[in-house]
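Undergrad: sequence below, structure please.
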Amino acid sequence: MYRLLRAPFRPVTYSRWLHLCVPLLLPAVWMFVKPSWPWAPLLIVIPFAFLPWVRLSEVLQAQFLLTPDDDGSGGRSITATRSARWGDRWRTLLWLEIRLVVAGMAMFATVWLPVTALELIAIAVGHPLTDDPAALFTPPRWAAALLAPVPLVVLIVVVVLLGNAITTIARRLLGPSAAERLTVLEARTEQLLERARIARELHDSIGHALTVAVVQAGAARAAADPDFTDRALIAIEETGRAALEDLERVLLVLRESAQPPSQRPTLVKAERLLESARASGAAVDARLTGPLENLPGPVTREGYRILQEALTNVLRHCGPVPVRVRVEMTGTRLDLEVTNPLPDRPTVTTGGGNGLRGIRERAQLLGGEATTGPYAGGWRVRARLPLDRIR
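TA: Residues are numbered from 1 along each chain as shown. A predicted model of the protein is given here:
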């Protein structure tokens, strides 16, 4: 009810009214050609509905007059495209026929309701416009004065209702089809998944670099050894440079000009992670078996990130402790395991991380599984990634 009261003060009400009146041009011209065939315009528009540019022109009219407040930021429900398939052409035909019928209703309201209001005003002042003896009802002057605004109010109500109805129909018939909406939804889903992957990569890469830098700096300060300090600074520099490369690549993704997936870090470059952990003081016992270079792209890339996050967690929470790394490629899956002892006094860290959850999510996206938790008096991260079924 509130929207109906506010409607006369909204510009969109009158732009929709104009949209309702535009199709009246064809029936108005036809009345001079063959007034005995008032239904002929419904047949005339049929061949035009199958022209691709007709749909585009109807869409532009609807966008400009029916939905002028849409800024396109969330995607217009009425899409400015030509008819590409027969389904679009048939929907355009139905739209043109419905638009003519609704325009006829609008014409009746636009013409006869103001005329009725004018007649009531004339009766109220004592000068009726017509003296029709066949008129069924002629109100007295006082009643005519009270009823004069009613046709105008009814006109606004009819225009608002017809405008809302034609807008709803336009969104249905001029908007994307079910298949197009599904395609848009799939693209949106892919975009959200890509953003989630970017967030995980930022967490893994930058978090790993910062953890190594903090551990190296703390160890160098505690050692008070110039040689150890030089090695620590070199390790911090190399780790920081690698993190900057990862950060630049992620920023390129956000600018929609990312490197192809084939250039992302893979398990073939796992030695870089192992050396970074060793430079931080951890004694890494690593064994990588199998032709890792033959791993499927998604498996080797996600495996690299899982290994990176596992080593980061060791350095962050346990410090430079012995680490056992096993990476094995079999015929059907990739097994990755990182184990380490738990220190008597865990390293103090700030903030709660999402690394372990990210490891499990990465494994699940590939159809595998990952487990993290205490094992044989220490801590173990274990992931199994299938090679024959990538989800």
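
Undergrad: and the gap between the residue lying closest to F64 once chain neighbours are set aside and L100?
TA: Nearest non-adjacent residue to F64, counting by Cβ to Cβ, 6 or more residues apart in numbering: S15, 7.7 Å away. To be clear about C-beta, it is placed using only N, CA and C from the backbone, and glycine gets the same treatment. Counting by Cβ to Cβ, to the nearest Å, the gap from S15 to L100 is 19 Å.

Undergrad: with T67 instead?
TA: 21 Å.

Undergrad: cool, and N164?
TA: According to Cβ to Cβ, N164 stands 18 Å off from L100.

Undergrad: for R380, same thing?
TA: Distance of R380 to L100, given as Cβ to Cβ: 73 Å.

Undergrad: same question for W86.
TA: In terms of Cβ to Cβ, W86 sits 22 Å off from L100.

Undergrad: neighbour count for those two, which is higher?
TA: The residue with more neighbours, out of W86 and L100, is L100; 18 against 9, by other Cβ atoms under 10 Å.

Undergrad: which SSE is Q216 in?
TA: Assessed by DSSP states H and E, Q216 sits inside helix 178-223.

Undergrad: next secondary structure after that helix?
TA: Counting by DSSP H and E, what follows helix 178-223 is helix 226-254.

Undergrad: helix or strand right after that following helix?
TA: Note on helix 226-254: by DSSP H and E, the next helix or strand toward the C-terminus is helix 270-279.

Undergrad: for that following helix, which outside residues touch it?
TA: Here helix 270-279 makes contact (Cβ atoms under 8 Å, 6 or more residues apart in numbering) with 208, 212, 216, 231-232, 234-235, 238-239, 242, 265, 284, 286, 288, 292, 304, 307-308, 311, 314-315, 323, 325, 327.

Undergrad: now stretch 9-21
TA: 7, 61-62, 64-66, 68-69, 102-103, 106-107, 110, 156, 159-160, 162-163, 166-167.

Undergrad: these in helices, which ones?
TA: Within these, residues falling in helices by DSSP state H are 61, 102-103, 106-107, 110, 156, 159-160, 162-163, 166-167.

Undergrad: quick check: PyMOL command selecting the buried ones in the residues you listed.
TA: Buried residues among those (16 or more other Cβ atoms under 10 Å), as a PyMOL selection:
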select buried, resi 61+102+103+106+107+110+156+159+160+162+163+166+167
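
Undergrad: okay, the ones in helices among the contacts of stretch 9-21 in JSON lines with pLDDT next?
TA: Formatted as JSON lines, those follow (pLDDT from 0 to 100):
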{"residue": "Q61", "pLDDT": "87"}
{"residue": "V102", "pLDDT": "91"}
{"residue": "A103", "pLDDT": "89"}
{"residue": "A106", "pLDDT": "89"}
{"residue": "M107", "pLDDT": "87"}
{"residue": "T110", "pLDDT": "88"}
{"residue": "I156", "pLDDT": "90"}
{"residue": "V159", "pLDDT": "91"}
{"residue": "V160", "pLDDT": "91"}
{"residue": "L162", "pLDDT": "92"}
{"residue": "G163", "pLDDT": "90"}
{"residue": "I166", "pLDDT": "92"}
{"residue": "T167", "pLDDT": "90"}
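
Undergrad: where does the stretch 251-391 of the chain have low pLDDT?
TA: Along the stretch 251-391 of the chain, segments meeting pLDDT under 70 span 251-263, 345-354, 389-391.

Undergrad: make it 80
TA: Counting by pLDDT under 80, the stretch 251-391 of the chain contains low-confidence ranges at 251-264, 343-355, 358, 388-391.

Undergrad: please apply the same query to the stretch 101-250 of the chain.
TA: Using pLDDT under 80, the flagged stretches of the stretch 101-250 of the chain are 126-139, 175-212, 216, 218-225, 228, 232, 235, 237-250.

Undergrad: repeat that for 90
TA: 103-112, 115-145, 147-148, 168, 170-250 (pLDDT under 90).

Undergrad: pull the number of nearby residues for the closest residue in space to W37 that isn't next to it in sequence.
TA: Nearest residue to W37 in three dimensions, chain neighbours excluded: W30, at 7.7 Å (Cβ to Cβ, 6+ apart). Around W30 there are 16 other residues, counting by other Cβ under 10 Å.

Undergrad: okay, and W30 sits in which element?
TA: Counting by DSSP H and E, W30 is part of helix 25-33.

Undergrad: what does that helix rub up against?
TA: Outside helix 25-33, the residues within contact range by Cβ under 8 Å, 6+ apart are W37, P38, A40, P41, I44, V45, L100, A103, G104, M107.

Undergrad: same check on stretch 320-327?
TA: Residues outside stretch 320-327 that contact it (Cβ under 8 Å, 6+ apart) are 215, 219, 267, 270, 274, 277, 280-290, 292, 303, 307, 311, 314, 334-341, 343.

Undergrad: check stretch 35-46 too.
TA: L26, P27, W30, M31, K34, L93, L96, E97, L100.

Undergrad: which one of these sits closest to G373?
TA: Nearest to G373 among the contacts of stretch 35-46, counting by Cβ to Cβ, is L93 at 63.8 Å.

Undergrad: so that closest one, which state does it fall into?
TA: helix (DSSP: H, G, I helix; E, B strand; the rest coil).

Undergrad: pop out the phi and psi values for L385.
TA: Main-chain torsions, L385, degrees, to the nearest 10: phi -120, psi 120.

Undergrad: my guess is it contacts L365, does it?
TA: No. Judged on Cβ atoms under 8 Å, L385 makes no contact with L365 at a distance of 9.8 Å.
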